[in-house]
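Student: return atomic coordinates for the entry below.
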Amino acid sequence: PGGTPALPEPTATAVAKKAPKPTFTPVSKVAAPTLAPTMTARPVGQPTSTTKAQAAQPTKATEKPSAVPTQAPTVRPVKSLHMNSPEYGMQAFLWWRPEVASRDLQLIRDAGFTWCKVNFGWREIEGAGKGIYDWSHTDQIMEMATEVGLDLVVRIDHQPSWAGGGFPGNGPPDNPQDLADFFTALATRYKAASTRHKGHIRAYEVWNEPNLAREWGGKPPDPGAYIKLLRIAYAAIKAADPNAMVISAGLSPTATWSDAARPDDWYVKSMYIAMGGSSDGYFDVFGAHGPGFKSPPEIDPAEVASRQDLGGNRFDCFRHVEDLRAIMVENGDGAKQVALLEFGWSSDSRPDSPYYWHRVSEEDKADYLVRAYKYAEENWSPWIGLMSLVYISDHEWTPDDEQYWWAITYPGWPEFKPRPAYEAVKAMPK
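Tutor: Numbers count the residues shown, from 1 in each chain. Sure thing, here's the model as predicted:
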């Protein structure tokens with residue numbers, strides 16, 4: 001493929017209705033220099049005006065009890081931090097339309113999957129000001145997921161304006177303690193032992209693809225700064241809910257070395273340097289992304305690297321996850337599992353799209369997803385845990401949206417329009 005496309009400019013609005021696009025970005029083949037990570041975090045950006053149109057009525061950190069007594073839900077059973085190998089998940093977009101969210105959660109359950117990955121935008125919950133929370137959407141999502149029996153892995157990023165970090169772009173807060181305080185509130189509300197609020201967040205993904213500048217406040221990616229953020233987030237989550245699973249951010253597969261991106265393998269090595277060689281106190285499970293690009297799931301990364309028609313890089317295939325796993329093992333983390341937080345294949349048929357070169361047919365997408373789960377079960381057990389594919393389609397996506405082509409369903413409401421991939425993964429043995 002050609003070089004990396006230009007990164008999009010941040011939008012002018014503070015709250016975007018659509019979920020962020022995935023960042024399986026084609027990249028140029030630039031050799032990565034062996035540089036050490038920056039070990040000190042610098043403030044990124046300055047706060048701007050407050051977010052627009054905060055949903056419902058936000059509440060202060062301390063809520064007043066209702067005058068009408070209600071029956072408290074029963075305590076939910078605590079699940080292990082160690083997952084079966086593999087476990088099955090799909091990503092869905094549950095925020096804006098509860099009737100669509102309810103339908104999509106049932107589709108995941110009816111396919112025999114047990115996890116849903118969902119984005120909780122920090123700015124959507126605490127956007128009105130520090131300590132002022134709007135739990136209306138999250139309470140609804142948690143209740144619906146509990147009713148259908150799905151575990152949630154919740155991705156947290158997209159800071160509010162008052163936290164700085166290059167707002168309205170996605171970036172780490174100027175003060176990491178602000179994120180820690182938010183995690184304390186979130187994990188306390190949805191902890192395993194809670195009887196007050198229905199629903200438990202089983203797993204948290206702390207940020208997303210921080211090896212890209214567009215996910216790091218427009219600044220050059222800094223693994224040392226990310227590790228500091230991850231450590232303080234881990235401590236806050238565990239203090240509130242020791243049974244919650246903390247997963248490190250999935251990284252964008254890339255070999256680009258520039259102010260816009262850092263190679264994912266270099267970034268992981270630098271994370272371990274910043275952690276002093278031990279991930280204890282930073283994450284329970286290592287997060288990864290594994291797009292298949294143009295190759296079937298079984299193909300060896302060495303072969304992909306030798307073939308320009310398949311991309312010419314080791315990261316241009318599903319099994320690049322094994323390269324990241326090898327770095328974990330080299331650093332003594334062989335006992336920890338990997339969660340594949342995003343993986344799939346794109347059928348993007350737009351000739352001007354940067355994803356066009358690695359398009360596959362809808363039928364191949366279906367076949368490759370089934371074979372990816374089979375390969376992982378046979379070759380990655382016991383270290384592979386959750387494998388969350390992309391996506392149940394957002395009902396508003398159109399063919400102009402890049403995500404549309406990765407999805408396993410077509411957009412639609414109230415009608416349900418499966419693609420071959422949904423039917424295939426529903427029918428496969430689990």
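Student: now do the SS call for the most centrally placed residue in the chain.
Tutor: The residue lying closest to the centre of the chain (Cα atoms, centre = their mean) is R155, at 5.0 Å. Assigned by DSSP: H, G, I helix; E, B strand; the rest coil, the conformation of R155 is strand.
Student: tell me the pLDDT at the closest residue to it other than its chain neighbours?
Tutor: Among residues not flanking R155 along the chain, E205 sits closest, at 4.3 Å (Cβ to Cβ, 6 or more residues apart in numbering). Placement of C-beta: from N, CA and C, glycine included. Per-residue confidence (pLDDT) for E205: 99.
Student: again, but for P69
Tutor: pLDDT for P69: 42.
Student: got it, and the one 10 residues further on?
Tutor: In the prediction, the pLDDT value recorded for K79 is 92.
Student: counting neighbours, what do you get for it?
Tutor: 14 (other Cβ atoms under 10 Å).
Student: mind checking which helix or strand it is in?
Tutor: Applying DSSP states H and E as the criterion places K79 outside every helix and strand.
Student: wait, isn't it in contact with A203?
Tutor: No: applying Cβ atoms under 8 Å as the test, K79 and A203 come out as separate, 9.7 Å apart.
Student: give me the common contacts of the two.
Tutor: D151 (Cβ atoms under 8 Å, 6 or more residues apart in numbering).
Student: ok, the closest residue to D259 other than its chain neighbours to L105 distance?
Tutor: Nearest non-adjacent residue to D259, counting by Cβ to Cβ, 6+ apart: P220, 4.6 Å away. Applying Cβ to Cβ, to the nearest Å, the value for P220 to L105 is 38 Å.
Student: cool, A274 as well?
Tutor: Distance of A274 to L105, computed by Cβ to Cβ: 37 Å.
Student: who's more crowded, these two?
Tutor: Per other Cβ under 10 Å, whichever of A274 and L105 has more neighbours is L105, with 25 against 22.
Student: phi and psi next, for the closest residue to that one other than its chain neighbours.
Tutor: Leaving aside its chain neighbours, L105 sits nearest to V148 (4.9 Å; criterion: Cβ to Cβ, 6+ apart). As for V148, its main-chain torsions (degrees, to the nearest 10) stand at phi -90, psi 0.
Student: V148 touches D104, doesn't it?
Tutor: No: proximity of V148 to D104 does not meet the contact threshold set by Cβ under 8 Å, at 10.0 Å.
Student: now do the helices in this structure.
Tutor: 98-110, 122-126, 136-148, 176-189, 223-240, 264-274, 301-305, 321-330, 362-379, 420-427 (DSSP state H).
Student: closest one to H197 among these?
Tutor: Ranking the helices of the chain by proximity to H197 (Cβ to Cβ) places helix 176-189 first, at 5.4 Å.
Student: tell me the angle of that closest one relative to helix 136-148?
Tutor: Following axes from the mean of the first three to the mean of the last three Cα atoms, to 10 degrees, one obtains 40 degrees for the angle between helix 176-189 and helix 136-148.
Student: distance of Y267 from A145?
Tutor: Taking Cβ to Cβ as the measure, Y267 and A145 are separated by 31 Å.
Student: so I132 sits right up against I125, yeah?
Tutor: No: contact between I132 and I125 fails when scored by Cβ under 8 Å: they sit 9.5 Å apart.
Student: which one's more surrounded, those two?
Tutor: I125 (24 against 16).
Student: show me where the chain has strands.
Tutor: 59-60, 87-91, 115-121, 132-133, 151-157, 203-206, 245-248, 286-289, 338-343, 384-389, 409-410, 417-418 (DSSP state E).
Student: who's the residue nearest to the centre of the chain bridged to?
Tutor: Legend: beta-bridge partners of R155 under DSSP bridges are N119, E205.
Student: hey, least reliable of the strands of the chain by pLDDT?
Tutor: strand 59-60 - the lowest mean pLDDT of those, at a mean of 48.
Student: neighbours around E303, how many?
Tutor: 13.
Student: just the pLDDT at the closest residue to it other than its chain neighbours, thanks.
Tutor: In this structure, E303 finds its nearest non-sequential neighbour in L310, 7.6 Å apart by Cβ to Cβ, 6+ apart. Per-residue confidence for L310 comes out at a pLDDT of 98.
Student: one step back: CSV for the strands of the chain, including distance to R359?
Tutor: CSV is the format used below for the strands of the chain (distance: least, Cβ to Cβ, whole Å):
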stretch, distance to R359
strand 59-60, 46
strand 87-91, 20
strand 115-121, 24
strand 132-133, 42
strand 151-157, 26
strand 203-206, 28
strand 245-248, 30
strand 286-289, 19
strand 338-343, 16
strand 384-389, 17
strand 409-410, 17
strand 417-418, 20
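Student: gap between the closest residue to T146 other than its chain neighbours and L107?
Tutor: Ranked by Cβ to Cβ, 6+ apart and with sequence neighbours excluded, the top spatial neighbour of T146 is G199, at 4.6 Å. According to Cβ to Cβ, G199 stands 19 Å off from L107.
Student: next one: A185
Tutor: From A185 to L107 the distance is 31 Å (Cβ to Cβ).
Student: look at those two and report which has more neighbours.
Tutor: L107 (21 against 17).
Student: quick one: contacts for the residue nearest to the centre of the chain?
Tutor: The contact partners of R155, by Cβ under 8 Å, 6+ apart, come to 117-120, 205, 207-208, 341.
Student: who wins for neighbours among the residues you listed?
Tutor: Within these, L341 tops the neighbour count with 28 neighbours, counted by other Cβ under 10 Å.
Student: for the closest residue to that residue other than its chain neighbours, give me its contacts.
Tutor: If the residues on either side of it in the chain are set aside, L341 comes closest to G250, at 4.1 Å by Cβ to Cβ, 6+ apart. Contact analysis of G250 by Cβ under 8 Å, 6+ apart lists 205, 208-209, 287-289, 341-342.
Student: again, but for D110
Tutor: Per Cβ under 8 Å, 6+ apart, neighbours of D110: K426.
Student: from R371, how far out is it?
Tutor: With Cβ to Cβ as the criterion, D110 and R371 are 22 Å apart.
Student: please apply the same query to P301.
Tutor: With Cβ to Cβ as the criterion, P301 and R371 are 16 Å apart.
Student: next: W383.
Tutor: With Cβ to Cβ as the criterion, W383 and R371 are 19 Å apart.
Student: for R214, same thing?
Tutor: 32 Å.
Student: what about A101, how many neighbours?
Tutor: Neighbour count of A101, defined by other Cβ under 10 Å: 23.
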